[in-house]
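S.K.: Just to be clear, the model below is a prediction. Sequence and coordinates:
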Amino acid sequence: GEDVEQSLFLSVREGDSSVINCTYTDSSSTYLYWYKQEPGAGLQLLTYIFSNMDMKQDQRLTVLLNKKDKHLSLRIADTQTGDSAIYFCAESIPGGYQKVTFGTGTKLQVIP
Amino acid sequence: GAVVSQHPSRVICKSGTSVKIECRSLDFQATTMFWYRQFPKKSLMLMATSNEGSKATYEQGVEKDKFLINHASLTLSTLTVTSAHPEDSSFYICSTTQGEIQTQYFGPGTRLLVL
């Protein structure tokens, strides 16, 4: 299956850390991604992780991958109001053409 | 990364008319582009994969005759919503991929409202 699920909403205070979680079902995925969508705009790639990695850090962003449990998370340190957006996790499935399945999206609200 | 544009950004049309949305890859040649549809507060639904010089590959449940895709050049793919109905109102986003990690670069989207 290709279901990718996320919680719908997360609210945090400015300066705190945010953790957005994602579960997926296809164990053959090669890359997993986090995208950010601001209101009325397309998606912007934030970071990605190869499926044989456990963790990747990129400035304020930390991605954790638990392949056994098919669980992916994105931690944003020192969350700012500009981080308010919808965050989508996604996985790429090998074989055929390049197909990426997106999660349901988590709306992050940062309270000043 | 790749830069992708879409035109128009917003369009309002009457039921029964056709609407064409353009997706352009501005800084590299894209043999493959993707068309997504996004409903309010929902994820992206892949509609079709647009292949330069050949027929598009449609996802299950997407009507080929209603959503016409043309990818005549390496920098332009078009999606035409034919005989539009109010239920076709949505946010349509295109993307292209680049690089080994299959990063998708998205256009800014087109908001379609069918009256």
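M.R.: Arrived safely.
S.K.: For chain B, which residues are neighbours of chain A?
M.R.: Residues of chain B found near chain A (Cβ under 8 Å from any Cβ of the partner chain) are B:1, B:4, B:6, B:32, B:34, B:41-44, B:46, B:49, B:51, B:57, B:93, B:95, B:97, B:101-109, B:111. The way it works is simple: take the backbone N, C-alpha and C, and place the C-beta from them, glycine included.
S.K.: switch the cut-off to 6 Å
M.R.: Proximity of chain B to chain A, by Cβ under 6 Å from any Cβ of the partner chain, involves residues B:43-44, B:49, B:93, B:97, B:101-104, B:106-109.
S.K.: Verify the stated contact: residue B:108 with residue A:40.
M.R.: No - counting by Cβ atoms under 6 Å, residue B:108 stays clear of residue A:40, with 8.2 Å between them.
S.K.: which one of those two has more residues nearby?
M.R.: Just comparing residue B:108 and residue A:40: by other Cβ atoms under 10 Å in any protein chain shown the higher neighbour count belongs to residue B:108, 15 against 11.
S.K.: what about the more buried one, which SS state?
M.R.: The three-state label given to residue B:108 by DSSP: H, G, I helix; E, B strand; the rest coil is coil.
S.K.: Before we move on, what's the pLDDT of it?
M.R.: Reading off the confidence values, residue B:108 has pLDDT 90.
S.K.: and if you look at residue B:74?
M.R.: pLDDT for residue B:74: 87.
S.K.: That one: how many residues sit nearby?
M.R.: Around residue B:74 there are 14 residues (other Cβ under 10 Å).
S.K.: distance of it from residue B:25?
M.R.: Residue B:74 sits 7 Å away from residue B:25, going by Cβ to Cβ, to the nearest Å.
S.K.: try residue B:47
M.R.: Residue B:47 is 18 Å from residue B:25, by Cβ to Cβ.
S.K.: cool, and residue A:76?
M.R.: Distance from residue A:76 to residue B:25, counting by Cβ to Cβ: 30 Å.
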